[in-house]
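# Have a look at this prediction, sequence included:
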Amino acid sequence: MKKIISLVCFGFAMIAAMPAFAGAQQEKIKGCNAEAKTDGLKGSDRKAFMSKCLKKSHKLKSAAAHDAPHGTPK
């Protein structure tokens, strides 16, 4: 009985956390789509770019520009 209760609780926790994970992935997809459109990619070039872009290690151009230091060094 304890196993069933713990599995049900775990299931509810996973369901509650899903929107947070889905939201981040959806934002990444939107960013990748925007970059592909800006670069004018179509067909197999776009497919290859999207595959590379959706990997965790890939930084979006908009995110890279946001992380860059502002102003000029003194």
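That came through fine. Numbering: from 1, shown residues only.
# remind me which residues of the protein are low pLDDT?
16-22, 63-74 (pLDDT under 70).
# how does it look with 80?
The model of the chain has pLDDT under 80 over residues 7, 9-24, 56, 60-74.
# In it, which helix is the longest?
helix 2-38 (DSSP state H).
# buried set for the next helix or strand after that one?
Next helix or strand after helix 2-38 toward the C-terminus (DSSP states H and E): helix 43-53. Within helix 43-53, the residues scored as buried using 16 or more other CB atoms under 10 Å are Arg46, Phe49, Cys53. (Each C-beta comes from the backbone N, C-alpha and C, glycine too.)
# so the last one touches Ala36, yeah?
Yes. Under the criterion of CB atoms under 8 Å, Cys53 is in contact with Ala36, at a separation of 7.5 Å.
# Can you report how many residues neighbour Lys37?
11 (other CB atoms under 10 Å).
# contacting residues for it?
Contacts for Lys37 were tallied using CB atoms under 8 Å, 6 or more residues apart in numbering; there are none.
# what about it, distance to Phe49?
11 Å (CB to CB, to the nearest Å).
# Ok, Cys32 next?
Applying CB to CB to Cys32 and Phe49 gives a distance of 8 Å.
# cool, Gln25 as well?
From Gln25 to Phe49 the distance is 17 Å (CB to CB).
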